[in-house]
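Q: Next one to model:
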Amino acid sequence: MERKTPQKQKVLDYLRGVYTHPSAETVYAAVKKKVPNISKGTVYRILKNAVGKKEIQEIPAEVSRYDGNVSSHAHFVCEKCSSIYDLMDFCQDCSILKNKKTKVGKINKYTVNFYGICNKC
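A: The predicted structure follows:
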């Protein structure tokens, strides 16, 4: 069992406390204020490992962004301003997700990303 270092805990706490889907650079800048000796490489490594362990989500965009909310939900990524919005329960009307079954197996979780231009742009 891997121990949670204070640095990892600060990164996870930060991501779970914001709803802005920050980039690794933004996470680094925020966590560095609380842990001044943390390196950029450490933050990148923590993010990569946390994604691999499904402790956080990585949202593919021009620059990868991160989400501390690992519940099943969709994202809308604006291709113009790079804003990312949570779409909670957006996919709940889909009959496949209601039944949680497909011809190939049972659905436990899902990740859906929509890309387009947001209303602000």
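
Q: what helix or strand is Y14 on?
A: Using DSSP states H and E, the element containing Y14 is helix 6-17.

Q: Quick one: residues in contact with that helix.
A: Residues from elsewhere that reach helix 6-17 (CB atoms under 8 Å, 6 or more residues apart in numbering): 4, 22, 27, 30-31, 34-35, 38, 42-43, 46-47, 50, 55-56, 66-69. The way it works is simple: take the backbone N, C-alpha and C, and place the C-beta from them, glycine included.

Q: likewise stretch 71-86?
A: Surrounding stretch 71-86, the residues in contact under the criterion CB under 8 Å, 6+ apart are 19-21, 59, 61-63, 65, 67, 69, 87-91, 109-118, 120-121.

Q: ok, which stretches of this structure are helices?
A: In the chain, the segments counted as helices under DSSP state H are 6-17, 24-34, 40-52, 95-99.

Q: Dump those to TSV, plus distance to E79.
A: Converted to TSV, the helices of the chain look like this (distance: least, CB to CB, whole Å):
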stretch	distance to E79
helix 6-17	23
helix 24-34	19
helix 40-52	22
helix 95-99	25
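
Q: Weed out the non-buried ones from the contacts of stretch 71-86.
A: Buried members of these, counted by 16 or more other CB atoms under 10 Å: 21, 59, 61, 65, 67.

Q: hey, what's V112 bridged with?
A: Here V112 sits in beta bridges with A74, as judged by DSSP bridges.
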